[in-house]
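1. Predicted model and sequence follow; I will ask about them next.
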2 protein chains.
Amino acid sequence: MTRILLVEDDKSIVANLTEFLTSEGYRVKSTSGQSETLTLLEEERFDLVLLDISLSDGNGFSVCSAVKSTYGIPVIFLTASGDEYSTVTGFELGADDYIAKPFRPRELVTRIKNILRLTKGTGSVMTLGDVTVDTVKGTVSKNGKDLYLSALEYRLFLVFLNNRGAILSRSQLLEAIWDIAGEFVNDNTLTVYIKRLREKIEDDPQNPAMIKTVRGLGYKVDIE
Amino acid sequence: MTRILLVEDDKSIVANLTEFLTSEGYRVKSTSGQSETLTLLEEERFDLVLLDISLSDGNGFSVCSAVKSTYGIPVIFLTASGDEYSTVTGFELGADDYIAKPFRPRELVTRIKNILRLTKGTGSVMTLGDVTVDTVKGTVSKNGKDLYLSALEYRLFLVFLNNRGAILSRSQLLEAIWDIAGEFVNDNTLTVYIKRLREKIEDDPQNPAMIKTVRGLGYKVDIE
DNA sequence: GAATATTATTACAATTCTGTCACAGTCTTT
DNA sequence: AAAGACTGTGACAGAATTGTAATAATATTC
């Protein structure tokens, strides 16, 4: 069920669009003011925002940047035709698409589907057991609780995540992490980092479930 | 250097668009037939395809699905105005955007930039100026030379990269980075991090080209 | 079981990161 | 031009990271 927030002053457009989008299987809520919109966004989760630029109190631009940066929800601008400035600025503010009024409802739906398809791919979240990595934000969490990995631990973890099942040799791992300036580091350095990483992500670091030792060959990730 | 393939029968449109897009800094090649297009795509790599639907031999739809499935290059449809069928079908075939003729060249450029931004995000490598971020490896480089960003600097940079063009307020940025435990940090902390980040990624940190200050509002990323 | 090789752990300085302060700039308004 | 608000900078301690060495633990081989 896709939830759409329609931010629009014009009552007739609200009525028409709500009816049409609902008939297309979307769940629609509408607001008209800037503060009202931001309040509703805090209370409820939406999948997409349809945003009229000419809001009565302030303009839609500030709402757009707030929506994009805080919630990461895709935004489609509804704009008066011929208002090229709006188009350009809208995109620069992070809008994902815009459509000029008057528009055909069917085209709007098509654009909605398209944007949802395009933006879905941008959120890159990987999981290993109960550990989640958001590579877009650069954050790691375990059971919803945030973990703090240092820069090198983070990169080491990513190497494992992107090579699940493969046995990674010491030299491969060393190369992957410490290749920055062709510097040589102690071979044991890796061992220590493995330990530190395990201590942060494993339930029982002494009996690691995620990063397994393959004696004589290296390390590998077993589980999905 | 962004390479665009323009597939269009109308010679005057080809001439005009080629000139305009070239002046905008794009590299443009054009073809007119279906087979010619597919041949050129095999020989050369393009970043984006502008595709007229009404090709003389066969229609543009089959070219579109070929481009998307074989090469994964984003496609923008050029369509006759009012041809709603084209719009809908085009999107369903995997087009990333469409624009109705006659269109303003500037709007086309805006859409081109937008699509490149949206589709670039899905891959693992993002660029801002001469700085490249590989979110799969967790590495950052500038002109091919590796940069070392601390964990927090890296996350701050990612926030900017994923919200290009948007003005990000101090509180938004603070929230995005220091929200891990709901701890409160000094407001100036962000200022200092901005400075440190600029010192690592900017050519001239005193005159930042990537992370711009928007006085009274926050910061934003301007360039592509 | 003893010897050996491999991996794990602990501990330790050197370095870097992190957050804050005080103050120096800069822009805007009056 | 002066005042006020906002942003940038340098410096500073405390904390964390980073790499290494020494030592312990474990598995493998003989």
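-> Sure, I can see it. Numbers count the residues shown, from 1 in each chain, chains lettered A, B, ... in the order given.
2. my guess is A:Glu24 meets A:Val109, correct?
-> Yes. At 5.5 Å, A:Glu24 counts as touching A:Val109 under the criterion of CB atoms under 8 Å. Where you see a C-beta, it was placed from the backbone N, CA and C, and this is true even at glycine.
3. any common contacting residues for the two?
-> The contact sets of A:Glu24 and A:Val109 do not overlap (CB atoms under 8 Å, 6 or more residues apart in numbering or on different chains).
4. measure A:Val67 to B:Phe160 for me?
-> 17 Å (CB to CB, to the nearest Å).
5. Just want to know which of those two has more residues nearby.
-> A:Val67 (27 against 22; other CB atoms under 10 Å in any protein chain shown).
6. Over to that one. Which of the three states is it?
-> At A:Val67 the chain is in helix, as set by DSSP: H, G, I helix; E, B strand; the rest coil.
7. Please apply the same query to A:Phe157.
-> Assignment for A:Phe157 (three-state DSSP): helix.
8. Pretty sure it sits against A:Leu197.
-> Yes. The pair formed by A:Phe157 and A:Leu197 meets the contact definition of CB under 8 Å, at 6.0 Å.
9. So which of those two has more stuff around it?
-> Remark: of A:Phe157 and A:Leu197, A:Phe157 carries more neighbours, 25 against 22, as counted by other CB under 10 Å.
10. Compute the distance between that one and A:Tyr219, please.
-> The value you get for A:Phe157 to A:Tyr219, if CB to CB is used, is 12 Å.
11. same thing with A:Leu152?
-> From A:Leu152 to A:Tyr219 the distance is 15 Å (CB to CB).
12. Equivalent analysis for A:Thr189, please.
-> From A:Thr189 to A:Tyr219 the distance is 14 Å (CB to CB).
13. can I see the domain layout of chain A?
-> A:3-120, A:125-221 (automatic domain parsing).
14. who's more crowded, A:Thr189 and A:Tyr219?
-> A:Tyr219 (23 against 15).
15. Out of the domains of chain A, which one sits most buried?
-> domain A:3-120 (a mean of 18; mean count of other CB atoms under 10 Å in any protein chain shown).
16. Run the contact check for that one versus DNA strand D.
-> No. Applying CB under 7 Å from any atom of the strand, one finds domain A:3-120 separated from DNA strand D by no less than 14.5 Å.
17. Can you give the distance of that domain from its chain's centre?
-> Domain A:3-120 has its C-alpha centroid displaced from the chain centroid by 19 Å (CA atoms, centre = their mean, to the nearest Å).
18. Looking at it now, give me its mean pLDDT.
-> For domain A:3-120, mean pLDDT rounds to 79.
19. try stretch A:151-171
-> The model assigns stretch A:151-171 a mean pLDDT of 84.
20. Is that stretch positioned near chain B?
-> Yes. Remark: stretch A:151-171 sits within contact range of chain B at A:151, A:154-155, A:158-159, A:162, by CB under 8 Å from any CB of the partner chain.
21. quick one: contacts for A:Lys101?
-> With CB under 8 Å, 6+ apart, A:Lys101 has these contacts: A:13, A:78-81.
22. bridging residues for it?
-> Here A:Lys101 sits in beta bridges with A:Ala80, as judged by DSSP bridges.
23. State the distance from A:Phe46 to DNA strand C.
-> 31 Å (CB to the nearest atom of the strand, to the nearest Å).
24. which SS class is that residue?
-> Once three-state DSSP is applied, A:Phe46 turns out coil.
25. how much space between A:Ala80 and A:Thr39?
-> For A:Ala80, the distance to A:Thr39 - CB to CB - is 26 Å.
26. nope, A:Asn163 is what I was after
-> Where A:Thr39 is concerned, A:Asn163 sits at a distance of 45 Å (CB to CB).
27. need the helices for chain A, in chain order.
-> A:11-23, A:34-43, A:60-66, A:84-92, A:105-120, A:151-161, A:170-177, A:187-201 (DSSP state H).
28. any chance of the residues of stretch A:151-171 next to chain B in TSV, with distance to DNA strand D too?
-> TSV is the format used below for the residues of stretch A:151-171 next to chain B (distance: CB to the nearest atom of the strand, whole Å):
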residue	distance to DNA strand D
A:Ala151	4
A:Tyr154	8
A:Arg155	9
A:Leu158	13
A:Val159	14
A:Asn162	19
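29. can the residues you listed go into JSON lines with extra columns for distance to B:Ser35?
-> Listed next are the residues of stretch A:151-171 next to chain B as JSON lines, based on distance: CB to CB, whole Å:
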{"residue": "A:Ala151", "distance to B:Ser35": "50"}
{"residue": "A:Tyr154", "distance to B:Ser35": "48"}
{"residue": "A:Arg155", "distance to B:Ser35": "46"}
{"residue": "A:Leu158", "distance to B:Ser35": "43"}
{"residue": "A:Val159", "distance to B:Ser35": "44"}
{"residue": "A:Asn162", "distance to B:Ser35": "39"}
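30. tell me the contacts of the closest residue to DNA strand C within chain A?
-> DNA strand C sits closest to A:Thr213 of chain A, with a gap of 3.6 Å, by CB to the nearest atom of the strand. Counting by CB under 8 Å, 6+ apart, A:Thr213 touches A:Tyr219.
31. so what's it scoring on pLDDT?
-> 87.
32. which residues pair with it across the strands?
-> A:Tyr219.
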